[in-house]
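**Student:** Fold the following.
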Amino acid sequence: MRSFSAGLLLPLTIIIICCILPVHAVPPLPAEYYGNVLIDGTPAPVGTTITAFLQNTMRGQITTEVVGFYGGPGLFDPRLKVNVSEEELQTGDLLITFLIDGNSASESILFEPGTSEQFDISTGSGSVQVTGPGFTPVPV
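**Tutor:** So this is what the prediction gives:
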């Protein structure tokens, strides 16, 4: 009887030790953006590059495929994805800033993990107004 329990003790100990491995945190989900984009009050042309920055580090980039609009609201549409690490998320509010073809956008937004939302951006004069389900940019 004694040899039977001693024979189980070693494998059982190994199993317990293997189960106590370091656990790594799952990284936060990215924030995803799409929306109207204006340059000096005019819809941005196809091929315009929108870049997202967090703490002066590039975190995402997308190029317009439709005049005046970046990304899209559809399930399979591309979006501007912004990723952060767990450590960065713990530091507090993270402000995302944008460049439109190298020029600073007037708008910025706080990072919220797992969001996918329309966020309209612009440079220079003019503001963005959404006119309906087609997401057609209209200079104001």
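**Student:** Spit out the contact partners of the residue lying closest to Ile100 once chain neighbours are set aside.
**Tutor:** Excluding the flanking residues, the one nearest Ile100 by Cβ to Cβ, 6 or more residues apart in numbering is Thr123, at 4.9 Å. All C-beta spots, glycine's among them, are computed from the backbone N, C-alpha and C. Contacts for Thr123 (Cβ atoms under 8 Å, 6 or more residues apart in numbering) come out as 38-40, 100, 103-106.
**Student:** In strands, which of the residues you listed fall?
**Tutor:** Counting by DSSP state E, the part of those found in strands is 38-39, 100, 103-106.
**Student:** Of the residues you listed, which is the most crowded?
**Tutor:** Leu38 (26 neighbours; other Cβ atoms under 10 Å).
**Student:** Sort out which residues of stretch 41-61 are buried, please.
**Tutor:** 43-44, 48, 50-54, 59-60 (16 or more other Cβ atoms under 10 Å).
**Student:** Among these, give me the pair with the biggest separation.
**Tutor:** Pro43 and Leu54 (26.4 Å; Cβ to Cβ).
**Student:** For the helix or strand harbouring Glu117, name the packing helices and strands.
**Tutor:** Using DSSP states H and E, Glu117 maps to strand 116-118. In terms of contacts (3 or more Cβ pairs under 8 Å, 6 or more residues apart in numbering; DSSP states H and E), strand 116-118 is packed against strand 31-39.
**Student:** The strand it packs on: what's the following helix or strand?
**Tutor:** Using DSSP H and E, the next helix or strand after strand 31-39 towards the C-terminus is strand 42-43.
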